[in-house]
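Student: got a predicted model here, sequence first, then my questions.
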Amino acid sequence: MSMHEPALLQVKDLDSGYGFLQVLWQVSLHVRRGEFVCLVGPNGAGKSTFLKSVAGLVTPMAGRIEFNGRPVERLPGDKICRLGISYISEELNLFAGMTVQENLAMGAFSIEDRHKAAQTRDFVFELFPALKERRKQLAGTMSGGERKMLAIGRGLMSSPSLLLVDEPSLGLAPQMTAAVFRALKTLKQKGVTILLVEQNVTKTLQATDRGYVLEKGKIVLEGASGDLSRNAHVRKAYLGI
Amino acid sequence: MATATRAEHTLKRMMTGVKSPAGITITASITAGILGALDNGFFVIVNTIVTGGMWALVAMGLALVFGVMNVVSFVHGEFFLIGSLTAYFTFTPFTDYLMDKPHPIPEALLPLLAMLAAVIAGALVGVLCELLVFRPLRKRTREQWVMNSFVITVGLSTFLVNSSQLIFGTDFRGIVAYWNYPTLSFFNVYISFDRFFVFILAMAVLGAFWLFMKSSRFGQAIRAVSQDETGARMVGININVIQTLTLALSSALAALAGACLLFMYPAYPTVGLGPLYNSWFIVILAGMANVAGAAVGAFVVALLQVLTAVYFGEGWEYAVPAACIILVLMIRPSGIFGSEVRGILDQ
């Protein structure tokens, strides 16, 4: 993993937002292959907008997004997914009237190879055994934690090379949060590149390699996660020390 | 012991099913149907299932378009018109030819050809509507999509009705029957072969449609889009393709109904109004965007109309269902089969 290898995801001077409302200003960020990177910041800083812009669900106003060296900032969400970026949104966007199994099958919509899809499904069941037990249950009738697991599982079904995860700990009991973080670490060990957006800064900086701090739509700090957790501004504003 | 508790459990589930609004409606409808049949003869039930099957085809398309595209469609009746026109112009020239040179095999297959032509024409017009009307509108609309698309379907309906009047005139273009086969009789009820065949076809199409939606890749994608459009995009589903497919499918179903009922409803510019009203009755009754509910609701509305025609006289068959719908909307605004989970095939 030399420093000269081009990053898997390279974002340069990104401006983005909704209609006339600009949320992100000149955001630059990169994620190298195999890295576990986090983007932290207060509520309303634009973290979700950033992930949605990368995922092709919000069209950027200006700037460049390169994935695997290829410009993708003008591509719609379904094409982005096919290129190998999976986005797990805060709202989860599950298919509430479909079963766990059907949701996972839809996650593999872009995979033509059925055998490969079945293998990935087995891996997801291994990662979240609760999903296997409830595979015939409707997604809309599951608890918050199970729905979160299903969303991550569905995101994995397309065998992405980059996983964008938005606030996985939001609204979860501490035990569930720990389970989700464990799963993310396992995925990192398996070689999946992850960009994580979180409000739970303590846990996030412990788990990740590198981080960015986004405030009012601008990147104000970046560095190795260990350095960030020792940074005076981060300690004061996010860790409450 | 285990089996006993399981039986009890199943019974309990059945009872709660019967007690739900959907259960009450279905039970009441079946009871009304049986009572009506005992009172007037079995034809009540035969008529109900024959017309119900056809309304199911039309109404399902309407529910599908609402569920997947969020379009409150008032152009759906014109797809029925396109079906009946296509079937008429496919069927009659060949019939004239067969009059001179009768042959049993072409005579048996010709109606199927007319229906197939109607399905293809319906699907094509559906695709054109999506590409030329809805997609450009979608690109321009940020808010108020439901209202904008509703107004545009009304305009499209007027346009198609008037174009048909301009091109084909205001003549009634109908046929007496597709097949000159002898009338069938069940339980002392006489039913023409056409009606019988059309019912069987409707059931086969309903079954095939169900299978398509439940287990095919694209059927599942249609359901996924109806449940969560953003989620569908996130898993790599091209929304444009699914919306085109949906409109093609729903207009093909309506066109098929138009072709199948040509012997009852001759093609003329405003022939689509009746089916449009009927399918709106059904869709409101069943709950918007509920395709499975629309299939069941079609039979309920058909029964309501048959019984109305028997007891109140012909001419009241739109008034009574409309009154029932006002009642349903007052008591249960989400429709009888309406559910919290938004999905087109799913409860």
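Tutor: That came through, no problem.

Student: please enumerate the helices of the stretch 1-150 of chain B.
Tutor: B:2-19, B:21-40, B:43-69, B:76-100, B:104-129, B:135-140, B:145-168 (DSSP state H, counting those that start in this stretch).

Student: in CSV: those, plus mean pLDDT and distance to residue A:105.
Tutor: (C-beta placed from N, C-alpha, C; glycine too.) Formatted as CSV, the helices of the stretch 1-150 of chain B follow (pLDDT from 0 to 100; distance: least, C-beta to C-beta, whole Å):
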stretch, mean pLDDT, distance to residue A:105
helix B:2-19, 64, 27
helix B:21-40, 78, 28
helix B:43-69, 88, 19
helix B:76-100, 93, 31
helix B:104-129, 94, 27
helix B:135-140, 91, 27
helix B:145-168, 94, 29
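
Student: which of these sits closest to chain A?
Tutor: For chain A, the closest of those is helix B:43-69, at 10.5 Å, according to C-beta to the nearest C-beta.

Student: surely residue B:238 and residue A:78 touch.
Tutor: Yes. With contact defined as C-beta atoms under 8 Å, residue B:238 and residue A:78 form a contacting pair (4.9 Å).

Student: do you know how far the closest residue to residue B:85 other than its chain neighbours is from residue B:84?
Tutor: Closest residue in space to residue B:85, ignoring its immediate chain neighbours: residue B:267 at 4.7 Å, by C-beta to C-beta, 6 or more residues apart in numbering or on different chains. As for residue B:267, its distance to residue B:84 is 4 Å (criterion: C-beta to C-beta, to the nearest Å).

Student: shared neighbours, the two?
Tutor: Taking C-beta atoms under 8 Å, 6 or more residues apart in numbering or on different chains as the contact rule, residue B:267 and residue B:84 both touch B:173, B:258.

Student: ok, the two, which is more surrounded?
Tutor: Neighbour count, other C-beta atoms under 10 Å in any protein chain shown: between residue B:267 and residue B:84, residue B:84 has more, with 29 against 26.

Student: and the more buried one, what does it touch?
Tutor: By C-beta under 8 Å, 6+ apart, the contact list for residue B:84 reads B:118, B:173, B:258, B:259, B:261, B:262, B:265, B:266, B:267, B:271.

Student: likewise for residue B:156?
Tutor: Contacts of residue B:156 by C-beta under 8 Å, 6+ apart are B:75, B:78, B:129, B:133.

Student: do that again at 10 Å, thanks
Tutor: Applying C-beta atoms under 10 Å, 6 or more residues apart in numbering or on different chains to residue B:156 gives the contacts B:73, B:74, B:75, B:78, B:129, B:132, B:133, B:134, B:149.

Student: again, but for residue B:62
Tutor: Residues near residue B:62 by C-beta under 10 Å, 6+ apart: B:71-74, B:76-77, B:79, B:250, B:253-254, B:275-276, B:278-280, B:282-283, B:288-289, B:291, B:294.

Student: near chain A, from those?
Tutor: On the criterion C-beta under 10 Å from any C-beta of the partner chain, none of the entries of these sits beside chain A.

Student: the residue nearest to residue B:85 contacts residue B:114, doesn't it?
Tutor: No. Counting by C-beta atoms under 10 Å, residue B:267 sits too far from residue B:114 to count as a contact (11.6 Å).

Student: list residues touching both of those two?
Tutor: Taking C-beta under 10 Å, 6+ apart as the criterion, residue B:267 and residue B:114 both touch B:83, B:84, B:86, B:87, B:88, B:89, B:175, B:259.

Student: circling back: can you lay out the contacts of residue B:84 as CSV showing secondary structure and distance to residue A:207?
Tutor: As requested, the contacts of residue B:84 are arranged in CSV below (DSSP: H, G, I helix; E, B strand; the rest coil; distance: C-beta to C-beta, whole Å):
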residue, secondary structure, distance to residue A:207
B:118, helix, 60
B:173, strand, 72
B:258, helix, 61
B:259, helix, 62
B:261, coil, 64
B:262, coil, 67
B:265, coil, 66
B:266, coil, 71
B:267, strand, 68
B:271, coil, 65
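
Student: out of those residues, the closest to chain A would be?
Tutor: Nearest to chain A among the contacts of residue B:84 is residue B:258, at 30.6 Å by C-beta to the nearest C-beta.

Student: need the contact list for that closest one.
Tutor: Residues near residue B:258 by C-beta under 10 Å, 6+ apart: B:54, B:57-58, B:77-88, B:115, B:118, B:121-122, B:265, B:267, B:271-272, B:275.

Student: fine by me, thanks again.
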